[in-house]
Structure formats: structure tokens, C-alpha cells
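Q: Return a 3D structure for these sequence lines:
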Amino acid sequence: MKKQDEKPGRFDFEAAMKELETIVKQLETGNQNLDDSLKLFERGVELARQCKLRLDEAELKVSKLVKDKEGLFRQEPLAEDE
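A: The predicted structure is shown next:
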């Protein structure tokens, strides 16, 4: 089973989602023994956690960019106009 977290600082979100989908399908078949099912479940939880962290980072970045954009176009009164 391929692990996404083998290279620090390099996380491929799309590959992680594909691996997570594969794990879900494997677990749904019920063809694994208990130990293999547990390993798959643990890997799935770890992938889901990493994906959530990446999504949270992306959301924060988008929020910051939107805030910066709004600040760029907002007209604020000059100090001498007060």
C-alpha cells in the first residue's frame, strides 16, 4: 500500500483522495480479514486527517487572498479628511 506521508512536505491531495476511495471500496467488499481491514481503516483515517488539514490550509489561504483583495479595492478616507 502506497503511503502519502513518506516524503515530508510533499502531499498530493488528489492522489490521497484516490487512495482513500480505493480503501473505502476495499472495505465495502468485506473480503479482507480483520487485521487487514483494521490496517486499511487506520490508513484511511490518516489520509482523511491529512486531506482535512490540507483543505483547512487552502481555505485559510483563500480567505486571506479575498481579504487582501477587498482591502485593495476598499476606499478608506484619508487621514486629512477626518
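
Q: Next, the buried residues of the helix or strand of the chain with the lowest mean pLDDT.
A: Within the chain, no helix or strand scores below helix 34-73, which has a mean of 89 by mean pLDDT, DSSP states H and E. In terms of neighbour count (16 or more other C-beta atoms under 10 Å), helix 34-73 has its buried residues at Leu40, Arg43, Gly44, Leu47, Gln50, Cys51. C-beta coordinates here come from the backbone N, C-alpha and C atoms, glycine included.

Q: which secondary structure elements does that helix contact?
A: Packing partners of helix 34-73 (3 or more C-beta pairs under 8 Å, 6 or more residues apart in numbering; DSSP states H and E): helix 13-29.

Q: Using the three-state scheme, assign Arg10.
A: Per DSSP: H, G, I helix; E, B strand; the rest coil, the secondary structure class of Arg10 is coil.

Q: Just the angle for the least confident helix or strand of the chain relative to helix 13-29, thanks.
A: With axes from the mean of the first three to the mean of the last three C-alpha atoms, to 10 degrees applied, the angle from helix 34-73 to helix 13-29 works out at 150 degrees.

Q: how about CSV for the buried residues of helix 34-73, with distance to Lys18 added?
A: Output for those, formatted as CSV (distance: C-beta to C-beta, whole Å):
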residue, distance to Lys18
Leu40, 15
Arg43, 13
Gly44, 12
Leu47, 10
Gln50, 13
Cys51, 11
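
Q: what's the neighbour count on Ala16?
A: 19 (other C-beta atoms under 10 Å).

Q: ok, it - contacts?
A: Residues in contact with Ala16 (C-beta atoms under 8 Å, 6 or more residues apart in numbering) are Gln4, Leu47, Gln50, Cys51, Arg54.

Q: you'd agree the second one is up against Glu19?
A: Yep, that's Leu47 we're talking about. Yes. Counting by C-beta atoms under 8 Å, Leu47 does reach Glu19; the two are 6.0 Å apart.
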